[in-house]
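>>> Let's see this in three dimensions:
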Amino acid sequence: MFINCETSISSHGYMDNSSFLKRIQYQRFVKKGIAVAMIEYEGHGRSDGPNGLISCFDTMVNDAHQYFNEISNNKFAGKKLFLMGESMGGAVAYDIIQQYPEQYEGVIFAAPMVKISIAPPQFVVDIFYKIVGDAGTVSPLTIMPLAPSKGSIPDLSFKDKEKMRLALSAPTKYGRKPRLATARELMDATKRISASISEFDAPFIVMHGLEDFVTCPKISEQLYKESKSKDKQVKLYKGMYHNLTGGETDENIEIVFNDAISWVLERSKSNPIEGFMSQFNK
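Residues are numbered from 1 along each chain as shown. Okay, here's the model as predicted:
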């Protein structure tokens, strides 16, 4: 336990979880004196609910905020809090910091789900909305994994195929097509978020691979350019895919985490490691 630490609150992406592999990657934060807390949403990882089902995006956001609020108050009271959201977790972090800006110092977006690049053609989307019903509802039909999409999400996410094989071997991994209700919630969230980026006012860094065909790097550039935040950065990585923190080469993953960690430390009152070591030098 670090005596003087900042805290990073991590939101994982769709079909992902806070697995052993993810915890290994995020040890980079811990080694720099930054505590990390992660959540597994309902329907993901070891949480309750049908695997891969998001019945209501707003409920997922509220669950994540309540968990982050409780763990930060109990474990890291008085410490600076930074959100980090990967892919769909970027949309979750976006909504949380918009609703509770006073609780967080800023947010790290890693390939955020501001717009879905693998959405099907518009005429298919129009038919889809006629089938799935209102937001937040679930029926025997909408729980089915039948949502159309272009391409395989794991193949498009992982540049390193050996890392993809390891990730897919996790027993809690969801590997089917998106459930209809889930697809509806994700599409609704991205439409709402992409229409509001000019109003986003929190400190942030957005990181995106230029070879990302799951979420759109151009929309991340747009977020950077149009947001009214006075403290914002964008990092675009040539040749990198969607999964920046676990699906790239070790060298590329190191680059991404170094950028994220440096951004947090620059916004901390003091260097966490120095503060930690100073306890032993008195």
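>>> ok, the closest residue to residue 180 other than its chain neighbours - contacts?
The shortest distance from residue 180 to any non-neighbouring residue, by Cβ to Cβ, 6 or more residues apart in numbering, is to residue 142 (4.2 Å). C-beta coordinates here come from the backbone N, C-alpha and C atoms, glycine included. With contact set as Cβ atoms under 8 Å, 6 or more residues apart in numbering, residue 142 has these partners: 131, 132, 133, 179, 180, 181, 184.
>>> From residue 128, how far off is residue 142?
Separation of residue 142 from residue 128 (Cβ to Cβ, to the nearest Å): 10 Å.
>>> swap in residue 192?
Residue 192 sits 17 Å away from residue 128 when distances are taken as Cβ to Cβ.
>>> So for these two, which sits in the more crowded spot?
The residue with more neighbours, out of residue 192 and residue 128, is residue 128; 18 against 13, by other Cβ atoms under 10 Å.
>>> where's the more buried one, which helix or strand?
For residue 128, the host element (DSSP states H and E) is helix 122-132.
>>> Check which helices and strands that helix sits against.
helix 180-194 (3 or more Cβ pairs under 8 Å, 6 or more residues apart in numbering; DSSP states H and E).
>>> between the helix it packs on and helix 122-132, how many degrees?
If you take axes from the mean of the first three to the mean of the last three Cα atoms, to 10 degrees, helix 180-194 sits at 120 degrees to helix 122-132.
>>> which residues sit against helix 180-194?
14, 43, 52-57, 88, 91, 94-95, 113-116, 119, 125, 128-129, 131-133, 135-139, 141-144, 146-147, 149, 178, 219.
>>> What subset of these is buried?
14, 43, 52-57, 88, 91, 94-95, 113-116, 119, 128, 132, 138, 142-143, 147, 149, 178, 219 (16 or more other Cβ atoms under 10 Å).
>>> Let's see which of these end up in helices.
Counting by DSSP state H, the part of these found in helices is 57, 88, 91, 94, 95, 128, 132, 219.
>>> Give me the pLDDT for the last one.
Same thing as residue 219. The model reports residue 219 with a pLDDT of 91.
>>> swap in the fifth one?
At residue 95, the predicted lDDT confidence score is 96.
>>> Now do it against residue 61, distance only.
From residue 95 to residue 61 the distance is 5 Å (Cβ to Cβ).
>>> Look up the residues that both of these two are in contact with.
Joint contacts of residue 95 and residue 61 (Cβ under 8 Å, 6+ apart) do not exist.
>>> Pick the one among the ones in helices among the buried ones among the contacts of helix 180-194 closest to residue 204.
Lowest distance from residue 204 to those (Cβ to Cβ) belongs to residue 94, with 8.9 Å.
>>> can you count the residues close to the closest residue to the closest one other than its chain neighbours?
Closest residue in space to residue 94, ignoring its immediate chain neighbours: residue 193 at 5.7 Å, by Cβ to Cβ, 6+ apart. Other residues lying near residue 193 total 21 when counted by other Cβ under 10 Å.
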